[in-house]
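[1] predicted model follows, preceded by the sequence.
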Amino acid sequence: MKKITLSVIPGDGVGKEIMPHALRVLDAVAEVHGGLTFEKVEYPWSCEYYLEHGEMMPEDGLVQLTESDAVFLGAVGNPQLVPDHVSLWGLLIAIRRGFQQSLNIRHAKQIRGIDPPIKHANQFDLLVVRENSEGEYSEVGGRIHQGDDEVVVQNAIFTKKATKRAIDYAFQLAATRGKRVTSATKSNGIVFSMPFWDNVFQEVGKQYPDIEQQSVHIDALTAFLVTKPAEFDVIVASNLFGDILTDVSAAIMGSIGIGPAANLNVEGTYPSMFEPVHGSAPDIVGKGMANPIGQIWTGKMMLDHFGEEELGKTLLDIVEDVTEAGIKTPDIGGRATTGEVADAIIERVKSLT
Ligand code: ATP
Ligand code: MG
């Protein structure tokens, strides 16, 4: 029996509403597999927890999570209770940094039964690999002088290790998929970091002669992601560029509520964290209409991560059967509740046995 231990953090808002349903789906999947179980420990860390304890998680929070194989997270943030910078830094970013989750991976794919905002003749199915530990989001710089003489310096730090890690991971992923890697660059405008990024891309690319490789400037690439997403397989990008591209890649699917994501500790020294693209969606909390697909698809990425790709593929196929059958939450044009969508998925999963 293969046991995967999960630290479950439902978090805030719709995260808390969706998580029980996503866990029901995962359990059904494990049951069908026969040789797999999820052992879960749930943590109430959230903005409500903050109000009671003055912190988003206990001081030894990371130590508690270290025991598990992965962290499965819902959403963090309730700006009415706790300012976003406090809740995000106190939990989400604390875990990403503490566990050296240096890559953020998002999958975007045209889903049967969901109309994308722009219809394309060809189906798209792509992954964005975002370097998530340094780059443009480095905290190096400062502000000098005041008033009209004010000068601000914001440095971007690119190390060979982190750049190589992201690019190499993108090639490894492409080797299992469409065999094409696109690197986001801007070496015509950013004269130090981006030519360096391009060099590393070329250097790493030499080890993957069977994989098609191209560099595209970020401005054009963002536009292409909207106009011809089917041309891409794996896209690799720096922290800032990846941030932008991953939001676009979620948007072209039709709802932010369906996008999955993984924060990977590539070395395996700490658990990786799996969380959907969407946030806590305060505007729809309590209505039972939050789309559970983002969290469920995130669970599929987790299955992939633990070597259960076949099962993951089956799960995503079933999700698409359900959307194609019109069992959908309002954000994607349906009238079903969170629970009804999950039930329909579970019913189909169980019928596999
Ligand atoms: P964060 O700062 O955590 O990213 P946000 O407010 O910027 O939060 P979301 O919480 O993701 O972003 O909400 C953005 C919009 O998408 C809202 O209108 C929300 O209702 C909608 N949305 C987000 N998640 C879902 C979901 N699972 N199902 C349906 N709609 C959703
Ligand atoms: Mg936001």
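    Received, thanks. Ligands and ions are numbered 1, 2, ... in the order given.
[2] do you know how far the closest residue to residue 45 other than its chain neighbours is from ligand 1?
    Leaving aside its sequence neighbours, residue 45 sits nearest to residue 57 (C-beta to C-beta, 6 or more residues apart in numbering; 4.2 Å). All C-beta spots, glycine's among them, are computed from the backbone N, C-alpha and C. When distance is defined by C-beta to the nearest ligand atom, to the nearest Å, residue 57 is 17 Å away from ligand 1.
[3] from residue 83, how far off is residue 57?
    Using C-beta to C-beta, to the nearest Å, one gets 16 Å for the distance from residue 57 to residue 83.
[4] quick one: contacts for the residue in the stretch 1-150 of the chain positioned nearest to ligand 1?
    Proximity of the stretch 1-150 of the chain to ligand 1 (C-beta to the nearest ligand atom) peaks at residue 77, 4.3 Å away. Shown in contact with residue 77 (C-beta atoms under 8 Å, 6 or more residues apart in numbering): 11-13, 47, 84, 87-88, 279-280, 282.
[5] also residue 187?
    Contacts of residue 187 (C-beta under 8 Å, 6+ apart): 194-195, 197-198, 215, 217.
[6] 7 Å instead?
    194-195, 198 (C-beta atoms under 7 Å, 6 or more residues apart in numbering).
[7] mark which of those residues are part of helices, please.
    Using DSSP state H, the subset of the contacts of residue 187 located in helices is 194-195, 198.
[8] contacts for the lengthiest strand in the chain, please.
    What stands out as the longest strand in the chain, according to DSSP state E, is strand 2-11. With contacts defined as C-beta under 7 Å, 6+ apart, strand 2-11 is touched by 16, 19, 23, 35-43, 45-46, 65, 68-76, 280, 306.
[9] closest point of the chain to ligand 1, which residue?
    For the chain, C-beta to the nearest ligand atom, closest residue to ligand 1: residue 279, 2.0 Å.
[10] using the three-state scheme, assign that residue.
    When classified by DSSP: H, G, I helix; E, B strand; the rest coil, residue 279 comes out as coil.
[11] re earlier: so can I have TSV of the contacts of residue 77 showing pLDDT?
    Formatted as TSV, those follow (pLDDT from 0 to 100):
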residue	pLDDT
11	98
12	98
13	98
47	98
84	95
87	97
88	95
279	94
280	97
282	95
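[12] list only buried entries from those residues.
    For the contacts of residue 77, a burial check counting by 16 or more other C-beta atoms under 10 Å picks out 11-13, 47, 87-88, 279-280, 282.
[13] farthest-apart pair in those, please.
    Comparing every pair within the buried ones among the contacts of residue 77 by C-beta to C-beta identifies 88 and 282 as the most remote, at 14.2 Å.
[14] quickly list the domain ranges of the chain.
    1-101+258-353, 116-253 (automatic domain parsing).
[15] separation between residue 166 and residue 104?
    Look at residue 166 and residue 104: by C-beta to C-beta, they are 10 Å apart.
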